[in-house]
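**Student:** After the sequence you'll find the predicted model.
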Amino acid sequence: MKPKINIAIDGYSSCGKSTLAKSIAKELNYVYIDSGAMYRAMTLYALQHGYIGPDGVINTEGLIHALDLVMINFKYNTDVQQYETFLNGQNVEREIRSLQVSNHVSPISNIKEVRQKLVRLQKRMAETKGVVMDGRDIGTVVLPDADLKIFMTADNRIRAQRRYDELRSMGVESSFEEVLKNLNSRDEYDSSRSNDPLRRAEDAVVIDNTNLTIEEQFQFILANVLKKLGATENVV
């Protein structure tokens, strides 16, 4: 049996991390884990249970006390050939992509106890290796010993357009200006937050995909994966 590695993919919002991670995981027959979806699911839970008020103020203490009631996991949907997010047994893949969730996910993600719970779960998921995980702190906090680390970036207006197109394809009402404002706000918040801020791991391979096709990105990353797999196999 060939050795397996863990792959960490970090980067800014709407850089195409998930699309690339899913493609790589499928190519290698690895497990794909969308850590961002986990924080979105937690945000959805907070919205559904009144821990985020109409004014946007978070009842942090109340949410922390409810953390043991939150169960997040992924199931593979063969019809669409992708992993989908489940919150306490309910498929919430569509709901967690809403602009309402996007507007609140950054402050929820900054709550130390929320991060501790989800990071523990993410680490556990990757213990047996053969995992492709994407997010904002995977290579620096969750999987600092990942065999391959990728950091993705792109022009912010290009990223906003991609996100806007994605929302429209899902039937979610929004404007480009709303999406751009949300994206810029999340960039600032995620990069400056006190708990596990977004930053590039020193040993990460950087890819700016502003002018790259999905196929070009895939081939670039796959070449790095195969190189790492070859090196690992030689060591074993």
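**Tutor:** Sure thing, it's come through.
**Student:** now the strands for this structure?
**Tutor:** 6-11, 31-34, 72-77, 82-87, 90-91, 131-135, 148-153, 205-208 (DSSP state E).
**Student:** Quick one: residues contacting Ile5.
**Tutor:** Counting by CB atoms under 8 Å, 6 or more residues apart in numbering, Ile5 makes contact with 129-130, 146-148, 225, 228-229, 232. Every C-beta, even on glycine, is put in place using the N, C-alpha and C of the backbone.
**Student:** Can you add mean neighbour count, distance to Val179 and mean pLDDT and give the strands of the chain back as CSV?
**Tutor:** Output for the strands of the chain, formatted as CSV (neighbours: other CB atoms under 10 Å; distance: least, CB to CB, whole Å; pLDDT from 0 to 100):
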stretch, mean neighbour count, distance to Val179, mean pLDDT
strand 6-11, 28, 17, 96
strand 31-34, 22, 19, 90
strand 72-77, 14, 25, 85
strand 82-87, 19, 21, 88
strand 90-91, 11, 24, 96
strand 131-135, 28, 20, 94
strand 148-153, 23, 18, 96
strand 205-208, 15, 20, 95
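**Student:** Now for Ile214, how many residues are close by?
**Tutor:** For Ile214, the tally of surrounding residues (other CB atoms under 10 Å) stands at 12.
**Student:** ok, now the one 4 residues further on?
**Tutor:** Applying the criterion other CB under 10 Å, we find 16 residues in the vicinity of Phe218.
**Student:** ok, and the closest non-adjacent residue to it?
**Tutor:** Ser23 (5.2 Å; CB to CB, 6 or more residues apart in numbering).
**Student:** Distance check, that neighbour against Thr85.
**Tutor:** 18 Å (CB to CB, to the nearest Å).
**Student:** For Leu222, grab the count of nearby residues.
**Tutor:** So Leu222, with other CB under 10 Å, has 15 neighbours.
**Student:** List the buried residues of the longest helix anywhere in the chain.
**Tutor:** When the chain is scanned for its longest helix (criterion: DSSP state H), the result is helix 214-235. Going by neighbour count (16 or more other CB atoms under 10 Å), the buried part of helix 214-235 is 217-218, 220-221, 224-225, 228-229, 232.
**Student:** before we move on, what about stretch 189-207?
**Tutor:** Quick answer for stretch 189-207 (16+ other CB under 10 Å): 189-190, 193, 196, 198-201, 204-205, 207.
**Student:** Pull the distance from that stretch to the chain's centre.
**Tutor:** With CA atoms, centre = their mean, to the nearest Å as the basis, stretch 189-207 stands 13 Å off its chain's centre.
**Student:** which residues are in contact with that stretch?
**Tutor:** 8, 10, 12-13, 106-107, 109-112, 115, 119, 136-137, 139-141, 144, 148-153, 187, 217, 220-221, 224.
**Student:** which residues does Ile138 contact?
**Tutor:** 8-10, 35, 122, 146, 149.
**Student:** hang on, the earlier thing: would TSV of the buried residues of stretch 189-207 with distance to Phe74 be doable?
**Tutor:** Formatted as TSV, these follow (distance: CB to CB, whole Å):
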residue	distance to Phe74
Tyr189	25
Asp190	22
Arg193	25
Asp196	21
Leu198	22
Arg199	26
Arg200	26
Ala201	24
Ala204	24
Val205	25
Ile207	25
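**Student:** Now go through the residues you listed and say which are in helices.
**Tutor:** Those of those mapping onto helices are 189-190, per DSSP H.
**Student:** ok, so of the buried residues of stretch 189-207, who is nearest Gln100?
**Tutor:** Checking the buried residues of stretch 189-207 against Gln100 by CB to CB gives Tyr189 as the nearest, at 16.2 Å.
**Student:** separation between that closest one and Ser14?
**Tutor:** 15 Å.
**Student:** looking at it, the residue nearest to Phe218 is touching Phe220, isn't it?
**Tutor:** No - between Ser23 and Phe220 there is no contact, the gap being 11.8 Å when judged by CB atoms under 8 Å.
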